[in-house]
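Trainee: Got a sequence here, can you build the structure:
(chains A, B and C)
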Amino acid sequence: MNIFLQCVINGVALGAVYTIMALSYTILFGTLRIANFAQGDIYMIGMLLGFTFYVTASMNFFVGLILAIIITVLVLLIIDRLIYRPILRTSSMYLFIATIGMATFLRNASQLVFGSESYSFPHLLGSKPLQITEEISIVPQNLIIIGVCIVLVIVLFLFMRKTKTGLAMSAVSMNPFAAALMGVNYSKITTITYAISAAMASIAGVFTAPMYNVNTTVGASLGLKALIAAVMGGFGNSVGAIVGGMILGLVEALGSTYISSAYKDAFAFILLLIILFLRPQGILGRKRITKV
Amino acid sequence: MGTILKTEAVTMQFGGLTAVDSVDLEIQEGEIHALLGPNGAGKTTLFNVISGIYIPTSGRVVFKGVEINSKKSHEVAELGIGRTFQNILLFDDMTVCENVMIGRHLKTKQPLVESIFCTPRIRREEKLSRSRSLELLDFVNLADEAEKKAGSLPYGKKRLLEIARALALEPSMLLLDEPAAGMNLSESVELMETINKIKASGVTILIVEHNMRVAMGISDVVTVLNHGQKIAEGVPAEIQHNQAVMEAYLGTGGTLQ
Amino acid sequence: MKKVKLRTKIIIAIALLLAIIVPLITSKNRYYMDVFIMLGIYVILGSAMNLLIGYTGQISLGMAGFYGIGAYTAVLLVMKANVPFLPALICAVILCFVIGYFLGFPSTKLNFIFLGLSTAGLNTIIQLIITNSKFTGGASGITGIPSVKLFGEPLTKLQYYYMVLVFVLIVLFICYRIVNSKTGRALMAIRGNPIAASAVGINVNRYKLLVFAIVSAMAGVAGVLYAFNIRYIQAEAFTTNMSFKILTMGIIGGMGDLGGGVVGSLVAGALPEFLRDLSKYQMTIYGLLIVLVLRFMPRGIIYPIHIGLDKLEALFKKIFCKNKKSDNTVKEA
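Mentor: As a prediction, this is how the structure comes out:
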């Protein structure tokens, strides 16, 4: 029982990471119908920048965080302007392939900047686990991650529901042409959406840095799994992203303890195949009506 | 001549919206049957139900005695229902002739393994497919455009090409979704001739048409839908003087020509 | 029948001649021979990818998985069950076809994003199985793969190269025949518009699965040829990185163009050999290549070649057949 509870706690913490990342995919897909395969590498860039500012340059953590967010956002915005947007005019499939190419490029090119070794990022509140009972504990950093996740979810939902920009984004997601006719500036909304998406990925990157080896390959599998979480939940649906992220975190934590740790990375994909088979639109996704 | 297609209380709902509401339709073999109705009356949705793109929420669709409610689109095509689309779905980057050849998919006997070995039958079939397609293009007066890209055709010709592609299936029934939309007067007159020729060749036609002149001019029977429900049915002359139809189209007090 | 341009025939003849003769000159140099053999294998992989992505609009990030299944199946059959090479190859290809057919099912659901994800997942799972299973030699792989024998004599590198060339030609011929038949038209119709395709009676799901299986089988052939050339396999060779590499090969030449597939494979495959000092940056360059080609020449690097040849041909005509009516097309036999 204790092992099980411990797994659940670890699973929720892992799920929180997937949730933030899944949301960063979902906001892009939900609003603009773009699946940015390189999102995991945007996360990695955020993490490494955070490391550079906080550890290498020994800046204040929050100053470093904000700088990391700003630069990461700029990187994604430049990619959007120079590459993604012009390609989207050709075809959405070409864009998807281009994001795969971009992921490969970012992952490997960042080695030129950051080197190929792994660094460790200090825990913000110490690495000593907090004992909940004698056998159940939680690392403070995981508490922080769960907290950050909750705050981001609330802020995001308030933003989407209460602000003019958020509502304009929803309008674009429902019908870009109608939204444009109503005076929504599509280009501006695209930029804002990319910015939010990159900001979320970099926040996730910096806060989860202590839990991982900080290196340039860290984003690859995490990004892929978060995309799976988003797809499972119902791609484009924010609540779905949270559900998908949490389920994936729990399944991985429980599966690697009770089934096999060697095959930990396979669970996400098996889960995805099962869900695609049973419910192709995702857990909370709505079936799209084919319009003819 | 018997009934070729029958819908029994067909209803199609999307979420809370009832697009087609318990529609009974009976189409006799060899006739031209028109579906009329204002925008949003559910005509195209009914087409999509018949051609297998949607599965009706309730009700039955029977084609030549076979229930086709839950059949997929390609299975419906296999049974002999060809169709065109309101918003023209051609294969733009292929030639006009290739578009029609794709329409002959089911009629072309080219098993994959044989195709790879390029047996005499494959070549024969390929030749046959091309020559039959060219005949069809001739039938709709597009023979001169055969090697052009489908995407480069003007609007009216695209509509004709879609009809040729649907005919390539050698269907016993043809569903035409607003074939005259976007055509000028002379084009639509030509279209009416073509449709009559198709009828003469023994194909039953169900047509959705906004253009009253075209619809009334060629159809044997007219069914009028409004808000998903059938509000009138009869020969064109009756429909022109039907009160309910006039109200649906023009509000109270209007007349139809 | 579809007409094949004389120009295309000439180019194919020249390419074939080069492919046959150049290795004869370099046959003493094992390194060059290995490069040529690998290029042949890449052409198989890249053309298969091009068929999948260019003609059907499907994407696979799991090609390296099937490449691996092919390699391991044939090697294990030969080493553990003493099956001769050719039957082992055929078994491997059939297995890849069957697995491809069943695992292609995500292709019938929703769109390319989901297919991309599930195929990437498939690659990861195959990778994990290879690494963790004792049967496949685990992470250290399988060494001592016997050489392929012909009449009891092991094949020389040159002979092996010609064998690969034969397989390349078979694969290209199959691709060509598929594209220029009813099946190919059906595939292009599905890519163009699946709804219109099914309205003329094309069973969209069946064709998607079929082509996914065919492409998987081709990757399997490539895997077998790879394994018996270097005679040592380990999980490293079949990672998602390899799948990205195959994706690059299939795309940069020009999607939906068989010649583009070949050119793309050769360029992407030969690039690391020209940039040996930059081998560390191989993947960076592949990523950049995909992005830049899609951004600046979405028709692929073969497109400017086509245009160049068009001009060349016009020039030739001007010089040689001033008054004659041009007769540059020949009916295919």
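Trainee: What helices and strands are in contact with the particular helix or strand that has residue B:26 in it?
Mentor: Assigned by DSSP states H and E, residue B:26 belongs to strand B:17-28. Here strand B:17-28 touches strand B:3-14, helix B:43-50, strand B:204-208, strand B:221-226, strand B:229-234, going by 3 or more C-beta pairs under 8 Å, 6 or more residues apart in numbering or on different chains; DSSP states H and E. Yep, even glycine has a C-beta here, placed from its N, CA and C like the rest.
Trainee: Tabulate the ones you listed (TSV), appending mean pLDDT and distance to residue C:63.
Mentor: Output for these, formatted as TSV (pLDDT from 0 to 100; distance: least, C-beta to C-beta, whole Å):
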stretch	mean pLDDT	distance to residue C:63
strand B:3-14	91	39
helix B:43-50	92	37
strand B:204-208	94	45
strand B:221-226	90	50
strand B:229-234	89	53
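Trainee: Which one of the ones you listed lies nearest to residue B:76?
Mentor: helix B:43-50 (7.5 Å; C-beta to C-beta).
Trainee: now that closest one, how far from the centre of its chain.
Mentor: The chain centre lies 10 Å from the centre of helix B:43-50; the measure is C-alpha atoms, centre = their mean, to the nearest Å.
Trainee: Kindly report the same for stretch B:105-124.
Mentor: In terms of C-alpha atoms, centre = their mean, the gap separating the centre of stretch B:105-124 from the centre of its chain is 29 Å.
Trainee: which parts of the stretch 51-200 of chain A sit against chain C?
Mentor: Within the stretch 51-200 of chain A, the positions lying close to chain C (C-beta under 8 Å from any C-beta of the partner chain) are A:82-83, A:86-87, A:90-91, A:93-98, A:100-109, A:111-112.
Trainee: one more time with 7 Å
Mentor: A:83, A:86-87, A:90, A:93-94, A:96-98, A:100-102, A:104-105, A:108-109 (C-beta under 7 Å from any C-beta of the partner chain).
Trainee: which of these lies closest to chain B?
Mentor: Nearest to chain B out of those is residue A:90 (C-beta to the nearest C-beta; 12.8 Å).
Trainee: now the closest residue to the closest one other than its chain neighbours, what's its secondary structure?
Mentor: Once flanking residues are discounted, residue A:90 sits nearest to residue C:298: 5.0 Å by C-beta to C-beta, 6 or more residues apart in numbering or on different chains. Using DSSP: H, G, I helix; E, B strand; the rest coil, the secondary structure recorded for residue C:298 is coil.
Trainee: pretty sure residue C:298 is touching residue A:93, no?
Mentor: No - with contact defined as C-beta atoms under 7 Å, residue C:298 does not count as touching residue A:93 (10.8 Å).
Trainee: now the next helix or strand after the strand holding residue B:26 against strand B:3-14, angle please.
Mentor: Counting by DSSP H and E, the element after strand B:17-28 in chain order, helix or strand, is strand B:32-36. With axes from the mean of the first three to the mean of the last three C-alpha atoms, to 10 degrees applied, the angle from strand B:32-36 to strand B:3-14 works out at 20 degrees.
Trainee: Relative to strand B:32-36, what are the paired strands and their orientations?
Mentor: In the sheet, strand B:32-36 lines up against strand B:204-208 (parallel), strand B:221-226 (parallel) (DSSP bridges).
Trainee: and that strand with strand B:17-28, angle?
Mentor: Angle of strand B:32-36 versus strand B:17-28, following the same axes, to 10 degrees, is 160 degrees.
Trainee: Run a quick neighbour tally on residue 208.
Mentor: As the question left the chain open, I've gone with chain A. 28 (other C-beta atoms under 10 Å in any protein chain shown).
Trainee: please go with chain C instead
Mentor: 23.
Trainee: quick check, it in a helix?
Mentor: Yes - counting by three-state DSSP, residue C:208 is located in a helix.
Trainee: OK, contacts around it?
Mentor: Taking C-beta atoms under 7 Å, 6 or more residues apart in numbering or on different chains, we find residue C:208 in contact with C:56, C:58, C:104, C:107-108, C:190.
Trainee: which residue packs closest to the residue of the stretch 51-200 of chain A found nearest chain B, ignoring adjacent ones?
Mentor: Nearest to chain B in the stretch 51-200 of chain A, going by C-beta to the nearest C-beta, is residue A:91, at a distance of 11.6 Å. Closest residue to residue A:91 apart from its sequence neighbours, by C-beta to C-beta, 6+ apart: residue C:298 at 7.9 Å.
Trainee: Just give me the longest helix of the chain.
Mentor: Since you didn't name a chain, this refers to chain A. helix A:2-32 (DSSP state H).
Trainee: look at chain B instead
Mentor: Per DSSP H, chain B has its longest helix at helix B:120-139.
Trainee: Now do it: everything it contacts.
Mentor: Outside helix B:120-139, the residues touching it (C-beta under 7 Å, 6+ apart) are B:96-97, B:100-101, B:104, B:108-110, B:114-115, B:143, B:146, B:164, B:167-168, C:1, C:181.
Trainee: list the buried ones in that helix?
Mentor: B:122, B:125-126, B:129-130, B:132-134, B:136-137, B:139 (16 or more other C-beta atoms under 10 Å in any protein chain shown).
Trainee: Output those residues in TSV; the columns should cover pLDDT and distance to residue B:76.
Mentor: As requested, these are arranged in TSV below (pLDDT from 0 to 100; distance: C-beta to C-beta, whole Å):
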residue	pLDDT	distance to residue B:76
B:122	85	27
B:125	88	24
B:126	86	26
B:129	90	22
B:130	91	26
B:132	92	22
B:133	93	22
B:134	93	27
B:136	92	21
B:137	93	25
B:139	92	23
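Trainee: can you list the residues of the stretch 1-150 of chain B near chain C?
Mentor: B:51, B:53, B:72-74, B:77-78, B:83, B:85, B:89, B:91-94, B:98, B:101-103, B:105-106, B:108, B:110, B:112, B:115-116, B:118, B:122-123, B:126.
Trainee: Strands - which of those residues land there?
Mentor: Under the assignment DSSP state E, the residues of the stretch 1-150 of chain B next to chain C contribute residue B:83 to strands.
Trainee: now the residues of the stretch 1-150 of chain B next to chain C: which count as buried?
Mentor: If you count burial by 16+ other C-beta under 10 Å, the buried members of the residues of the stretch 1-150 of chain B next to chain C come out as B:51, B:53, B:72-74, B:77-78, B:83, B:85, B:89, B:91, B:94, B:98, B:101-103, B:105-106, B:108, B:110, B:112, B:115-116, B:118, B:122, B:126.
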